[in-house]
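Chemist: Structure of the sequence below:
(chains A, B and C)
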Amino acid sequence: MPQFINELNDAQKEAVLSLNGPNMILAGAGSGKTKVLTYRIAHLLHNGIAAFNILSLTFTNKAAKEMRERIEKIVGLEARSLWMGTFHSVFSRILRTESDKIGFPYNFTIYDTSDAKNLIKSIIKELKLDDKIYKPNIVYGRISAAKNNLISANSYNADSAIMNEDKIMTKPEIGRIYTIYSKRCLKASAMDFDDLLFLTYKLLKLFPDTLLKYQNLFKYILVDEYQDTNYAQYVIVKMLAQKNKNICVVGDDAQSIYSFRGANIENILNFKKDYKFADTFKLEQNYRSTKTIVNAANAIIANNENQFKKNVWTDNPEGNKIKIIKTKTDNEEGKVIANAIYDMKLQMQESFKSFAILYRTNAQSRVMEESLRKMNIPYRIYGGLSFYQRKEIKDLLSYFRMIVNPSDEEALKRIINYPARGIGKVTIDKLILSANRHDKSIWDIVSDIEHYETGISNGPRKKIQDFSNMILSFGGDLYKKDAFELGEHIASTTGLLKSLYLDKTPEGVSKYENIQELLNGLKQFTASEEKTNTPEKTLDKFMEDVALLTDADKTSEDDMNRVSLMTIHSAKGLEFPNVFVVGMEENLFPSKLSLTSRLELEEERRLFYVAITRAEKSVHLTYAQTRFKYGDITYSEASRFISEIPKEYLEPLSRKTAPHSFGQQNHFSTNQSAIPSGQKLVSLKKAAQTMPKASSYSGEKIKEGANIEHLRFGIGTVISVEGIGASTKATILFTNHGKKQILLKFAKLKIVG
DNA sequence: GGAGGCCTCGGAAGG
DNA sequence: CGAGGCCTCC
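Modeler: Here you go, the predicted structure:
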């Protein structure tokens, strides 16, 4: 038995060693789930299973990448032959191989969500439907949900229950839109994200020999975060595993937080029904958090009805109690947290990266940001507009897309008049009309405009020809130039690069930099290749999965020392020594929209469970009595979730410590459960506001031998000063606190005596 | 085609 | 309140 097995506890060991048959691993938060998955795969390889016979599915690229790296550390390069990736990336790989069977070319485009919504919007317009009623978002949501439930456009229109639902929603034409949308995607040789699942299902369903081929290929299947699978994913996995039944799913029903995008918690709850002889393993020992955190989390989740019985426990120390902080306003909440981070950093010698601020909605990040910025606390916000969604990036990528697949309608619409070349809205509408009439793609018309009666006059027609010729000429270079050469050629000949270069506004500069970054990506992609007459790292290869990439996949892992700000959803799978969960208020968390149903409230509670189980050492829960929402002040009460934590895990209500000479005082006004004490917090607010600016220190005065006063540690003498600039540190001997090392950048030292 | 004004709308988010 | 979409005007 390989050495690595000995690093595992008994439950983990069993889960790793049981290789055959259906297995379900229920992994509590922080129980070493990834470790088990990686060792299990390593163990399969050790047992002579070929890497290419193992399929491992995850939800994020990041998870797949991490796992592959970890396996590579154990087994070496063999790990590269594993089928390991997200559902979408693995399925797109299969679809590119088998595309002809379902009527697509191998070089199909993958539409991202905004492409899909644009197409829907344009169809709604073409059908002359009221876009106030047929909101693209809603229509997209219906179509997406249909596909995730494996309902084709035909079945949709034939399903009286669905049609009736749409009628009741006063949107009886959604089925028609769905039909046209599917047709247009096919014409454009494009699949949206949901198609990657739906069409994989269709492929395996319609072609039994293809199904058999992949059943034989994927002798062992592993699925991570199984509680997040939707119906389509569930069915496809089931089909693939049908023959060998060597399927291992890993998940935690308590962390199912994605039902709003179709995840079905029943998939994990019913695993034993689907696979009768399944072995179940429970990983219940938590290695991440303190006893206090683990026990509090258990107590919270116990309020849910739908769940597996699990007993998550830990050998870790008791740890600090959970602190509840109440503030008057959301602004104050931000200030108090910034102060608390500042203090904890000093007191506990923590680095900034050990802190995370988690919130329910992205809108809450702004207040936090402001406070952190005022205190010069470095932070990083996760989420928001991704690199690949930026306008300038999408524009250039649209050129790339058209070169790989000229039928790509959304790419064409984006760039046919960008940079401006005199092909206006009216002309484009005529093109679309003509394409629809002739049942062709827009590119079919554009590339052969002479042969169609479009009603477009000579001027614009000439310009369309020029555009078409340009695309064709780029296309001619596709296999002659490598991806970087062609990409750069396009960026410069179209004038895209130049116009951004000339734009010296901050936005323009940033756009130019982004384009450069994309080109750098192309360069990296081609870097491995030697110069030959027939390059292999061509643009079409680069484009294959670019639509499946997200920011998290971009290289240059930011190891900077910053506080992390993100939604609780995006914190799933991560861990931080110290966690602040902010906005613990009724109608915010739990969200107002969840209060109507028990199931939704339970999902909010799981979300809270996820939030506090991110923490290793400390948890702070904060709430504000008033908060700005949509420009109005709203009043809120403490979240019901706070009162679900047994008091023994909460910091007892304590009187504040006497104000310090700087006017600083203990921020942690504790407040048990739902009933606010009405304690006056004015002084606290003042304290936050009168905090000296972190940057206000003048470094020159802090010299060896200087007597100083520190905000928290009081009087002391500087023993030595090391480092330069922002990293200048002083070693100071405090009268009452002994020797401490302090970063001058953040310390507020006052020279005394 | 682009700038600027008006209107609307507001949950979380992977691929 | 503020972002984004849409319309209007130049």
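Chemist: When you work out contacts or count neighbours from here on, use the C-alpha atoms and nothing else.
Modeler: OK.
Chemist: List phi and psi for the closest residue to DNA strand B within the stretch 1-150 of chain A.
Modeler: Per C-alpha to the nearest atom of the strand, A:Thr60 is where the stretch 1-150 of chain A lies closest to DNA strand B, at 3.4 Å. The phi and psi values for A:Thr60, taken as degrees, to the nearest 10, are phi -120, psi 150.
Chemist: which residues touch it?
Modeler: Shown in contact with A:Thr60 (C-alpha atoms under 8 Å, 6 or more residues apart in numbering): A:85-86.
Chemist: If we use 10 Å, what do you get?
Modeler: A:85-89, A:224, A:548-550, A:552-553 (C-alpha atoms under 10 Å, 6 or more residues apart in numbering).
Chemist: Check the offset of the helix or strand A:Phe198 falls within from the chain's centre.
Modeler: For A:Phe198, the host element (DSSP states H and E) is helix A:193-206. Averaging C-alpha positions (C-alpha atoms, centre = their mean, to the nearest Å) puts helix A:193-206 24 Å from its chain's average.
Chemist: Please see if that helix touches DNA strand B.
Modeler: Yes - on the criterion C-alpha under 7 Å from any atom of the strand, helix A:193-206 is in touch with DNA strand B at A:193-194.
Chemist: what is the rounded mean pLDDT of that helix?
Modeler: Regarding helix A:193-206, the rounded mean pLDDT is 97.
Chemist: thinking again about what came up before, nearest to DNA strand C, of the contacts of A:Thr60?
Modeler: Looking across the contacts of A:Thr60 and measuring by C-alpha to the nearest atom of the strand, the closest to DNA strand C is A:Thr550, at 17.1 Å.
Chemist: looking at this, A:Tyr512 is in a helix?
Modeler: Yes - per DSSP: H, G, I helix; E, B strand; the rest coil, A:Tyr512 lies within a helix segment.
Chemist: show me the contacts for it.
Modeler: A:392-393, A:496-504, A:506, A:518.
Chemist: run the last query once more with 8 Å
Modeler: A:Tyr512 neighbours (C-alpha under 8 Å, 6+ apart): A:497, A:500-501.
Chemist: And for A:Asp482?
Modeler: Counting by C-alpha under 8 Å, 6+ apart, A:Asp482 has contacts A:526, A:535-539.
Chemist: Based on its surroundings, how many neighbours for the closest residue to A:Val139 other than its chain neighbours?
Modeler: Using C-alpha to C-alpha, 6 or more residues apart in numbering and skipping the chain neighbours, the partner closest in space to A:Val139 is A:Ile174 (6.4 Å). A:Ile174 is flanked by 24 other residues according to other C-alpha atoms under 10 Å.
Chemist: what's near enough to touch A:Ile174?
Modeler: A:Ile174 neighbours (C-alpha under 8 Å, 6+ apart): A:139, A:142, A:166.
Chemist: before we move on, what about A:Leu283?
Modeler: A:11-12, A:25-28, A:31-33, A:312.
Chemist: Report the central residue of chain A.
Modeler: A:Ser570 (5.3 Å; C-alpha atoms, centre = their mean).
Chemist: Which one (most neighbours) among the contacts of A:Asp482?
Modeler: A:Leu539 (26 neighbours).
Chemist: how much space between the residue nearest to A:Leu203 when sequence neighbours are not counted and A:Arg40?
Modeler: In space, and not counting its chain neighbours, A:Leu203 is closest to A:Ile102: 6.7 Å by C-alpha to C-alpha, 6+ apart. Applying C-alpha to C-alpha, to the nearest Å, the value for A:Ile102 to A:Arg40 is 35 Å.
Chemist: Looking at those two, which is more packed in?
Modeler: A:Arg40 (24 against 15).
Chemist: Local confidence estimate at the more buried one?
Modeler: 96.
Chemist: same question, A:Ser683
Modeler: Taking A:Ser683 on its own, its pLDDT is 27.
Chemist: Where do the helices of the stretch 551-700 of chain A begin and end?
Modeler: A:568-571, A:598-612, A:640-643, A:682-690 (DSSP state H, counting those that start in this stretch).
Chemist: just those: most buried one?
Modeler: Comparing the helices of the stretch 551-700 of chain A by mean neighbour count (mean count of other C-alpha atoms under 10 Å), helix A:598-612 comes out on top with a mean of 22.
Chemist: which other residues reach that helix?
Modeler: Contacts for helix A:598-612 (C-alpha under 8 Å, 6+ apart): A:29, A:254-257, A:259, A:293, A:297, A:300-301, A:304, A:358, A:568-569, A:571-572, A:579, A:581, A:589-591, A:594-595, A:619, A:641.
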